[in-house]
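Novice: Kindly return the folded structure for what I paste below:
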Amino acid sequence: MYLITSAAFVATELQSEFGPLPPSFLPVGNKRLFHHQLALIPRNERIILTLPEGFNPSQYDSDSLADRNVELLYLPTRLNLGESVVYALNLLELEHDEALFILHGDTLLDQLSSELDQLGISQVEDNYDWAEYNPHTARLSKFTPEKTLSSELISNGFFSFSAPKILIRHIIIQNWDFILGINAYIQDIGMAPHLYQHWYDFGHCHTYFQSKSRMTTQRAFNEMSISGQVVTKASYKKNKLAAEARWYQTIPGTLRSYTPQLLATNNTKDTFGYSIEYFHLTALNELYVFSQLPAFSWRKMLKACCQFLKQASEHRDTDKQSLDQLFAKKTQQRLFAYKSHTQLDINSPITVNGKQQPSLAELAEISLKYLPLDSGQINVLHGDFCFSNILYDFRTCNIKVIDPRGIDAADQPSIYGNTVYDIAKLSHSVIGLYDAIIAGYFDAALQQQDLTFSIMSTPRQERIITDFIHMIYDEFGITENQLYAMQIQLFISMLPLHSDRQDRQLGFIGNAYRLFDKIKLNSGST
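Specialist: Residues are numbered from 1 along each chain as shown. Coordinates of the predicted model:
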């Protein structure tokens, strides 16, 4: 049996950035940490995840855990670790000869040993409240602030026991102290140290961001690596990355406080790469989908986004670029590309959740009349101003932007465009719930022209969306229906870009019709 101990909320400094979450529910690599932890455990094993009383996982998280047959056990938050472990094990009524593996909820390793009576240890460089392992005595010692780690080996939060009932007895005898109970078990039964080279600790604010930086994700067209304070991107799509680097180099100086510093470029025969300053910050997409931050915190974050857009709009250019190129023309081109790779007839009406809707091609056409008028103003444009490219600094209450587009609608290098497009991309994340689809927090299924669709949306997010709609109108004069129409165009235009994920394509289509229903509701039609 595997017991993942996550029955307390994260420390205060992490709560300030993510809200009250159990450690296994922290965002890591656009997933919750428990997804990574469960991937280490064999599928035929019984898995128990402890959670704090009062915490309510979303339906999509509950479904994900149920798919792995994870049993949820809610425990009182007043318990210390030793009390929590004993409480859980007594409730579970272990068989006499049943083996036990314990993984702390804030811990991730590259693999888990299946050997019994092992103590997971790792080497550390920082001095924090870890339990130190002494190789001479084969015991753990508690952390004290005035003490410096002597062996640089600590317990990393993974344990295995051949006799868990003896562990329970020792923890109780040691006044519910988990570390002293482990030491007593070592003396009684014995535990062999198992050194793990790759250990990720998400239990403290600074270790969370350090661990996250070592778990970089790779996209199909580029490679990204993080080393210390430097992140390096390289790609065989040379023009794309060269345009990104040029954007960092040529934007006005007053906007550079919003960006990482460009450190170097590397142009080879086959690839182009560049290096920028790395920030230990969280992207807004992870905060929006996975955090429990209140709506008033989001007002501050979204206001910071608007401040960037307003400052960017002060730096204008005389070049003429039609807003039509970014919406109507691009959407039509992408829809044509999607047409030849789908079973859906884009020219026939479709039923969505039992409601008759116009064809996808007609939806693209209808939504055009709700788009904002083209003011013709051209200024500095990020070009992909969505949540995944916006980092938030809770200390300064400012944003940092990464991964700019750097090219115009004609695929020519340019730092300029229409601010309305950046607003569309921002609302794509806020109102369009784009990041929930990317994270898999939706359901969609298609039978001929009949689509069923649902997406995760919480009351907290609905309050954030309402605040955002009012904010965008006050700051830029763009109406609610104009925001919906731009997102419909964006969701349709993204269809061929996700040809490897039919489920996402269906999610985009379902979401486009969800937004269309909002336009109809506001317009008094059905």
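Novice: Tell me the spacing between Asp467 and Val420.
Specialist: Counting by CB to CB, to the nearest Å, the gap between Asp467 and Val420 amounts to 20 Å. C-beta: built from backbone N, CA, C; applies to glycine.
Novice: between these two, who's got more neighbours?
Specialist: With other CB atoms under 10 Å as the criterion, Asp467 and Val420 differ in neighbour count, and Val420 comes out ahead with 23 against 17.
Novice: Please list all residues in contact with the more buried one.
Specialist: Val420 makes contact with 323, 372, 374-375, 476, 478, 486, according to CB atoms under 8 Å, 6 or more residues apart in numbering.
Novice: go with 6 Å
Specialist: With contacts defined as CB atoms under 6 Å, 6 or more residues apart in numbering, Val420 is in contact with Pro372.
Novice: Which strand or helix spans it?
Specialist: Under the assignment given by DSSP states H and E, the secondary-structure element containing Val420 is helix 419-430.
Novice: Could you point out the helix or strand that follows that helix?
Specialist: Per DSSP H and E, helix 419-430 leads on to helix 434-438 as the next helix or strand towards the C-terminus.
Novice: for this protein, which spans come out with low pLDDT?
Specialist: When the per-residue scores of the chain are filtered using pLDDT under 70, the ranges that remain are 125-128, 143-151, 216-222, 320-322, 525-526.
Novice: By residue count, what's the longest helix in it?
Specialist: For the chain, the longest helix by residue count, based on DSSP state H, is helix 502-523.
Novice: How far off centre is it?
Specialist: For helix 502-523, the gap between its own C-alpha mean and the chain's C-alpha mean amounts to 23 Å (CA atoms, centre = their mean, to the nearest Å).
Novice: by how many degrees do it and helix 419-430 diverge?
Specialist: In this structure, helix 502-523 runs at an angle of 110 degrees to helix 419-430, with axes from the mean of the first three to the mean of the last three CA atoms, to 10 degrees as the basis.
Novice: ok, residues contacting helix 502-523?
Specialist: By CB under 6 Å, 6+ apart, the surrounding residues in contact with helix 502-523 are 352, 357, 437, 442, 444, 446, 451, 453, 481, 484, 487-488, 491-492, 494-495, 498.
Novice: Also stretch 73-87?
Specialist: 7, 48, 50-53, 88, 168, 171, 176-178, 181.
Novice: Sitting in helices, which of these do you find?
Specialist: Filtering the contacts of stretch 73-87 for membership in helices, criterion DSSP H, returns 88, 168, 171, 178, 181.
Novice: The third one contacts Ile182, doesn't it?
Specialist: Going back to what we said before, that points to Ile171. No - the pair Ile171 and Ile182 does not pass the contact test of CB atoms under 6 Å, sitting 8.2 Å apart.
Novice: ok, of the contacts of stretch 73-87, which one's closest to Ser429?
Specialist: Nearest to Ser429 among these, counting by CB to CB, is Leu51 at 28.2 Å.
Novice: Ala88 versus the closest one, what's the distance?
Specialist: Separation of Leu51 from Ala88 (CB to CB) stands at 11 Å.
Novice: any idea whether Gly273 is helix, strand or coil?
Specialist: strand (DSSP: H, G, I helix; E, B strand; the rest coil).
Novice: Spatially nearest residue to it (excluding sequence neighbours)?
Specialist: Of all residues beyond its chain neighbours, the one nearest Gly273 is Ala234 (3.3 Å), with distances taken as CB to CB, 6 or more residues apart in numbering.
Novice: do Gln482 as well
Specialist: Distances taken as CB to CB, 6+ apart place Pro372 nearest to Gln482, at 4.7 Å, with adjacent residues excluded.
Novice: residues touching the one you found, list them.
Specialist: Here Pro372 is in contact with 420, 478, 482 (CB under 6 Å, 6+ apart).
Novice: mind redoing it with 10 Å?
Specialist: Counting by CB atoms under 10 Å, 6 or more residues apart in numbering, Pro372 touches 323, 327, 418, 420, 423-424, 476-479, 481-483, 485-486.
Novice: are any of these buried, and which?
Specialist: Judged by neighbour count, with 16 or more other CB atoms under 10 Å as the criterion, the buried members of those are 323, 327, 418, 420, 423-424, 476, 478, 481-483, 485-486.
Novice: re the thing from before, turn the ones in helices among the contacts of stretch 73-87 into JSON lines, including neighbour count and distance to Asn511.
Specialist: Shown next, in JSON lines, are these (neighbours: other CB atoms under 10 Å; distance: CB to CB, whole Å):
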{"residue": "Ala88", "neighbour count": "19", "distance to Asn511": "40"}
{"residue": "Ile168", "neighbour count": "20", "distance to Asn511": "49"}
{"residue": "Ile171", "neighbour count": "24", "distance to Asn511": "50"}
{"residue": "Phe178", "neighbour count": "24", "distance to Asn511": "46"}
{"residue": "Gly181", "neighbour count": "24", "distance to Asn511": "51"}
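Novice: JSON lines please, covering those residues and showing distance to Tyr60.
Specialist: Output for those, formatted as JSON lines (distance: CB to CB, whole Å):
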{"residue": "Ala88", "distance to Tyr60": "25"}
{"residue": "Ile168", "distance to Tyr60": "35"}
{"residue": "Ile171", "distance to Tyr60": "35"}
{"residue": "Phe178", "distance to Tyr60": "32"}
{"residue": "Gly181", "distance to Tyr60": "36"}
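Novice: and of those residues, the nearest to Tyr258?
Specialist: Comparing the ones in helices among the contacts of stretch 73-87 against Tyr258 with CB to CB picks out Phe178 as the nearest, at 45.2 Å.
Novice: which residue ranges form the strands in the stretch 251-400 of the chain?
Specialist: 262-267, 272-277, 282-283, 316-317, 350-352, 355-357, 378-380, 390-393, 398-401 (DSSP state E, counting those that start in this stretch).
Novice: Which strands or helices does the first one pack on?
Specialist: Packed against strand 262-267 by the contact rule (3 or more CB pairs under 10 Å, 6 or more residues apart in numbering; DSSP states H and E) you find strand 230-235, helix 238-250, strand 272-277.
Novice: So which of the contacts of helix 502-523 are in strands?
Specialist: Per DSSP state E, strands hold the following members of those: 352, 357, 442, 444, 446, 451, 453.
Novice: any idea which of those is the one closest to Cys397?
Specialist: Of all the ones in strands among the contacts of helix 502-523, the one with the least separation from Cys397 (CB to CB) is Phe442, at 31.1 Å.
Novice: For Leu51 and Ala88, list the residues in contact with both.
Specialist: Overlap between the contact sets of Leu51 and Ala88, as judged by CB under 10 Å, 6+ apart, is given by 5, 7, 73, 75.
Novice: from those residues, which single one is nearest Thr107?
Specialist: For those, the residue nearest Thr107 by CB to CB is Thr5; the value is 9.2 Å.
Novice: Beta-bridge partners for that closest one, please?
Specialist: Applying DSSP bridges to Thr5 gives these bridge partners: His104.
Novice: Would you confirm that it contacts Leu103?
Specialist: Yes - in this structure, Thr5 sits in contact with Leu103. The criterion is CB atoms under 10 Å, and the distance is 7.3 Å.
Novice: Out of the shared contacts of Leu51 and Ala88, which comes closest to Phe279?
Specialist: Thr5 (31.0 Å).
Novice: how much space between the closest one and His382?
Specialist: Distance, Thr5 to His382, by CB to CB: 42 Å.
Novice: Kindly report the same for Pro496.
Specialist: As judged by CB to CB, Pro496 and His382 stand 23 Å apart.
Novice: Looking at those two, which one has more neighbours?
Specialist: Between Pro496 and His382, counted using other CB under 10 Å, His382 has the larger neighbour count: 29 against 18.
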